[in-house]
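Chemist: here you go, sequence then predicted model.
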Amino acid sequence: MPKLEIHQFPCLSDNFGVLIRDADQGVAASIDAPDAKAVAAALASKGWHLTHILTTHHHADHTGGNLALKAETNCTIIGPRGEAAKIPGIDRQVAEGDTFKFGSFEVRVLDTPGHTAGHITYWIPSADVAFVGDTLFAIGCGRVIEGNAQMMWQSLQKLMALPPQTSVYCGHEYTQSNAKFALTIEPENAALQKRAKEVDSLRAAGKATLPTTIGLELETNPFLRPAIPAIQQRLGMAGKPEWQIFGEIRERKNRG
């Protein structure tokens, strides 16, 4: 079985950069490109040559390095069809249902709009990994900026349906603040209480809290748990549609 090598590193103020490589096929990709210098330094530290950038959405803290990296490496930039005009240097547009080869691996594209109108997720089933940009965070989710709550909930449901062992790489290190908020929504969740302590320990040691997994998020992320009776009751929304309950949780996080 080919191995997908993954290297995560911090960049900008709270972004994560992620590099992936199939050494057998000689390909390496940056998941988004928050900062060209940070990506180039990470590549140099690994001795990898960039062949692709896989863009999840158009925000500048995910595309700011595109043009400089492309000029330096002649890499191919793949990105969302729904916002292709906003992706610097895009070469190939992809959307829901599209697949493409990255070395020996098949990459599947999911449309996950809400944070932005054309946001996509890259899922590599054979490596049990998904790169979700700013749709899903550890114990959180992205702000609903260009979509609405119903759209974002549908996107999250797609991610919830991935195999529970799927590793999830997100765009930002927000987990500690997310955990504090989550405990206001579901304080009785023992798994969440335990995880919040683990997150505090990791951050105190200067360590990343990512990647997470779909299974762990299903247990501890309130944005994925609007069906839980205790949450519905706490919000005074028993029996309401899940997307509306999700929307209320997101609004409370916005205000917090």
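Modeler: Noted; the coordinates are in hand.
Chemist: now the residue lying closest to residue 66 once chain neighbours are set aside: phi and psi?
Modeler: Distance criterion C-beta to C-beta, 6 or more residues apart in numbering; nearest residue to residue 66, sequence neighbours excluded, is residue 88 at 4.2 Å. For every residue, glycine as well, the C-beta is placed using N, CA and C. Note on residue 88: backbone dihedrals following degrees, to the nearest 10 are phi -60, psi 130.
Chemist: for residue 88, the count of nearby residues, please.
Modeler: By the measure other C-beta atoms under 10 Å, the count of residues near residue 88 is 18.
Chemist: likewise residue 147?
Modeler: Residue 147 has 20 neighbours, counted by other C-beta under 10 Å.
Chemist: how far away is it from residue 113?
Modeler: For residue 147, the distance to residue 113 (C-beta to C-beta, to the nearest Å) stands at 5 Å.
Chemist: send the alpha carbons of the helix or strand hosting residue 107 over as PDB?
Modeler: Taking DSSP states H and E as the criterion, residue 107 maps to strand 105-111. Extracted as PDB, the C-alpha positions of strand 105-111 are listed here (Å, rounded to 0.1, in the frame of the first residue of the first chain):
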ATOM      1  CA  PHE A 105      -4.300   8.200  -4.300                       C
ATOM      2  CA  GLU A 106      -7.800   9.100  -5.500                       C
ATOM      3  CA  VAL A 107      -9.000  12.400  -4.100                       C
ATOM      4  CA  ARG A 108     -12.700  12.900  -3.900                       C
ATOM      5  CA  VAL A 109     -14.200  16.400  -3.800                       C
ATOM      6  CA  LEU A 110     -17.200  17.400  -1.600                       C
ATOM      7  CA  ASP A 111     -19.000  20.700  -1.900                       C
END
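Chemist: got the angle for the next helix or strand along the chain from that strand vs strand 105-111?
Modeler: With elements assigned by DSSP H and E, the helix or strand that comes after strand 105-111 is strand 120-124. Put simply, strand 120-124 runs at 150 degrees to strand 105-111, going by axes from the mean of the first three to the mean of the last three C-alpha atoms, to 10 degrees.
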